[in-house]
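Enquirer: Return a 3D structure for these sequence lines:
(4 chains)
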There are 2 protein chains.
Amino acid sequence: MNIGEASAATGVSAKMIRHYEQTGLIRPALRSGAGYRVYGDGDVHDLRFIRRARDLGFSTAQMGQLMKLWRDRSRASSDVKAVALAHIVELEAKMRALQEMTRALRHLAEHCHGDARPHCPIIEDLSAAGATPADEGRKALGKGFEVLR
Amino acid sequence: MNIGEASAATGVSAKMIRHYEQTGLIRPALRSGAGYRVYGDGDVHDLRFIRRARDLGFSTAQMGQLMKLWRDRSRASSDVKAVALAHIVELEAKMRALQEMTRALRHLAEHCHGDARPHCPIIEDLSAAGATPADEGRKALGKGFEVLR
DNA sequence: CTTGACCTTCCCAGCGTGGGAAGCACCATA
DNA sequence: TATGGTGCTTCCCACGCTGGGAAGGTCAAG
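Expert: Numbers count the residues shown, from 1 in each chain, chains lettered A, B, ... in the order given. Okay, here's the model as predicted:
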């Protein structure tokens, strides 16, 4: 199987497959005589695993952990659960941050007439903000949020 | 006012202030004889505006729009509201995506014993994923999510 | 054999933010 | 006044994830 076929079969772009290989998340693929990467069923399985984990918002680092646990047949399910729970905690923190932002924004929008006149509480709130607002949300959305692209 | 003082007064790091200047979000600061950036009340106001908008999760592009509207005293409040509402829609899409991820993950975690044995539905789900799962979440979390760092 | 689709590697971009180096400017205290 | 510490300047690099694109080799079908 070519990288293109593997990509089509797993939903992971060829670009990303090469990237994952280069960063060590997956083993280097076998090569054909011409240097083409060759994938087998096992590799496709790995890529689907990655794809699914990515869909669940895991970071590459977390995917690495999960892959390792996956391959380790003597793993303790508590180890896997720990990774998952840690991730849930992260996701929840991000959601809370987003919720707070939405809440604030919706509140402002509700009080904005949205007509042709210039008066607008949204702009006013932004420009009249206190000295150093706590930055509640954004900091909770720490590293690993990019993953969700 | 120095860049350091402006930073302390607004909660925007000196690094980011230079960055915003370089990328055109704010006007180039005046310079002292020695080449130091010099900030006045107006600049501080601008930076606080940015800071606040950033806290609300606006992207730099959106902040640019808002700054423009802010400066335009003849703006229509509907324009501002449009930007805000568009952003709310984005935030909500992202929240939904995160919620879906959390839901799925929590479901899996609930069924994992979390003991010393290797059997674990989380790992099994990841490895048994269908051919090309719809990638519901992640794609909704499109561009502009990084902003939320 | 030509053509088009596919593969290879390599570099560059973006988002927002921070780290750090090298070198100059400034201020307070000894 | 000399000196040190702090703060400023510019410039480059990194993260995480993803895509774009160039230059060149390969393969299968017409």
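
Enquirer: Give me the phi and psi angles of the closest residue in space to A:P118 that isn't next to it in sequence.
Expert: Closest residue to A:P118 apart from its sequence neighbours, by CB to CB, 6 or more residues apart in numbering or on different chains: B:R75 at 5.1 Å. Using the backbone N, CA and C atoms, a C-beta is placed for each residue, glycine as well. Dihedral pair for B:R75: phi -60, psi 160, per degrees, to the nearest 10.

Enquirer: and what of A:V38?
Expert: phi -120, psi 130.

Enquirer: For it, give its distance to DNA strand C.
Expert: 8 Å (CB to the nearest atom of the strand, to the nearest Å).

Enquirer: State the phi and psi torsions of the residue nearest to that residue when sequence neighbours are not counted.
Expert: For A:V38, ignoring the flanking residues on the chain, the nearest one in space by CB to CB, 6+ apart is A:L30 at 4.6 Å. The phi and psi torsions at A:L30 (degrees, to the nearest 10) take the values phi -60, psi 160.

Enquirer: ok, now which ones touch A:L30?
Expert: The contact partners of A:L30, by CB atoms under 8 Å, 6 or more residues apart in numbering or on different chains, come to A:37-40.

Enquirer: Redo these as CSV? Include pLDDT, secondary structure and neighbour count.
Expert: Formatted as CSV, these follow (pLDDT from 0 to 100; DSSP: H, G, I helix; E, B strand; the rest coil; neighbours: other CB atoms under 10 Å in any protein chain shown):
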residue, pLDDT, secondary structure, neighbour count
A:R37, 98, strand, 19
A:V38, 98, strand, 14
A:Y39, 97, coil, 22
A:G40, 96, coil, 12
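
Enquirer: Of those residues, which is the nearest to chain B?
Expert: Nearest to chain B among those is A:Y39, at 14.6 Å by CB to the nearest CB.

Enquirer: Can you check the pLDDT for the most far-flung residue of chain A relative to its centre?
Expert: Farthest-out residue of chain A from its mean C-alpha position, per CA atoms, centre = their mean: A:R117, at 41.0 Å. As predicted, A:R117 sits at a pLDDT of 89.

Enquirer: ok, which stretches of chain A are helices?
Expert: A:3-10, A:14-22, A:41-55, A:60-71, A:77-110, A:121-127, A:136-140 (DSSP state H).

Enquirer: will you turn these into TSV that also has mean pLDDT, distance to B:L66 and mean neighbour count?
Expert: Output for those, formatted as TSV (pLDDT from 0 to 100; distance: least, CB to CB, whole Å; neighbours: other CB atoms under 10 Å in any protein chain shown):
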stretch	mean pLDDT	distance to B:L66	mean neighbour count
helix A:3-10	96	40	18
helix A:14-22	96	34	15
helix A:41-55	94	33	20
helix A:60-71	92	34	18
helix A:77-110	90	12	19
helix A:121-127	85	7	21
helix A:136-140	51	16	17
